[in-house]
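quick one: sequence and predicted model below, then my questions.
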Amino acid sequence: MRIQIKVTLPKKQFSNVLVQHYLHQKQKSVTGPEIKQDFEGTVQGWNNKPAFITKYSMNDREVGVRVYPSSGKNGDIYRLVVLGSPAHTITVRRAPFLRYQTGYSSSTKAGSLLSRPNQRSGRWRVAHSVKHPGFEEREFDRLIGDKNLPKFQKDMQDAVEEAFRHM
């Protein structure tokens, strides 16, 4: 449930402290916030949104950004939506019965990063168990990675070029 984008640079360029500084600045000021904003957009219509965590990495040859949902109930729900769910039966646990509406339009769609408020409609029903039809995986992490990798590579190249202009 996370994306990690990395680029590899020639060791000679990467060993320069000024290059590392510019790469780090671009990571934190441009790439990381843009990727996090894409993740936050996937839950825009949700009532219970997870927080998203951004981590930056840099070693002797690679620079990367990783974004993932926080742990806890909202993060768990996010992971479920990303992975999808097969058809399953929902049964009563604590209450005497389940109460639900028959119509539902989800906040998200497979293959899209857009989110909107979900909508419930239809008649109210009660039951001891319900056959949930399941839902398709949303693959937000893959979609966001595909969208951002080319820009991340360009941002890192721009950072290296900017460092060399200031040498």
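Thanks, I have it. On a predicted model such as this, the values are computed, not experimentally measured, just so you know. Residues are numbered from 1 along each chain as shown.

now do the SS call for the most centrally placed residue in the chain.
The geometric centre of the chain, computed from its C-alpha atoms, lies nearest to F39 (Cα atoms, centre = their mean), at 3.9 Å. Under DSSP: H, G, I helix; E, B strand; the rest coil, F39 falls in the helix class.

hang on, isn't it packed against P69?
Yes. With contact defined as Cβ atoms under 8 Å, F39 counts as touching P69 (7.4 Å). Where you see a C-beta, it was placed from the backbone N, CA and C, and this is true even at glycine.

find the residue closest to E136 in space, skipping its chain neighbours.
In space, not counting the residues next to it along the chain, E136 is nearest to A110; the distance is 4.2 Å by Cβ to Cβ, 6 or more residues apart in numbering.

show me the contacts for that neighbour.
G84, E136, E137, R138, E139 (Cβ atoms under 8 Å, 6 or more residues apart in numbering).

is it possible to get a markdown table of those that adds distance to Q25 and pLDDT?
As requested, these are arranged in a markdown table below (distance: Cβ to Cβ, whole Å; pLDDT from 0 to 100):
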| residue | distance to Q25 | pLDDT |
| --- | --- | --- |
| G84 | 38 | 94 |
| E136 | 39 | 94 |
| E137 | 35 | 94 |
| R138 | 32 | 93 |
| E139 | 31 | 92 |
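
what subset of those residues is buried?
Neighbour counting by 16 or more other Cβ atoms under 10 Å classes R138, E139 among these as buried.

K151 should be in a helix, yeah?
Yes. In this structure, K151 lies within a helix as judged by three-state DSSP.

let's number from 2 now, not from 1
Got it, first residue is 2 now, which makes that one K152.

and Q158, how far from E63?
As judged by Cβ to Cβ, to the nearest Å, Q158 and E63 stand 14 Å apart.

okay, the residue nearest to E137: pLDDT?
We have a pLDDT of 87 for A111.

element containing Q158, please.
Per DSSP states H and E, Q158 falls inside helix 141-166.

packing partners of that helix?
Identification of packing neighbours for helix 141-166 by 3 or more Cβ pairs under 8 Å, 6 or more residues apart in numbering; DSSP states H and E yields strand 4-9, helix 18-27, helix 33-43, strand 63-70, helix 74-84.

rerun that using 6 Å as the cut-off
Under the contact criterion of 3 or more Cβ pairs under 6 Å, 6 or more residues apart in numbering; DSSP states H and E, helix 141-166 touches strand 4-9, helix 18-27, helix 33-43.

can you list the buried residues in it?
Along helix 141-166, these residues count as buried under the neighbour rule (16+ other Cβ under 10 Å): F141, D142, L144, I145, G146, N149, F153, D156, M157, A160, V161, A164.
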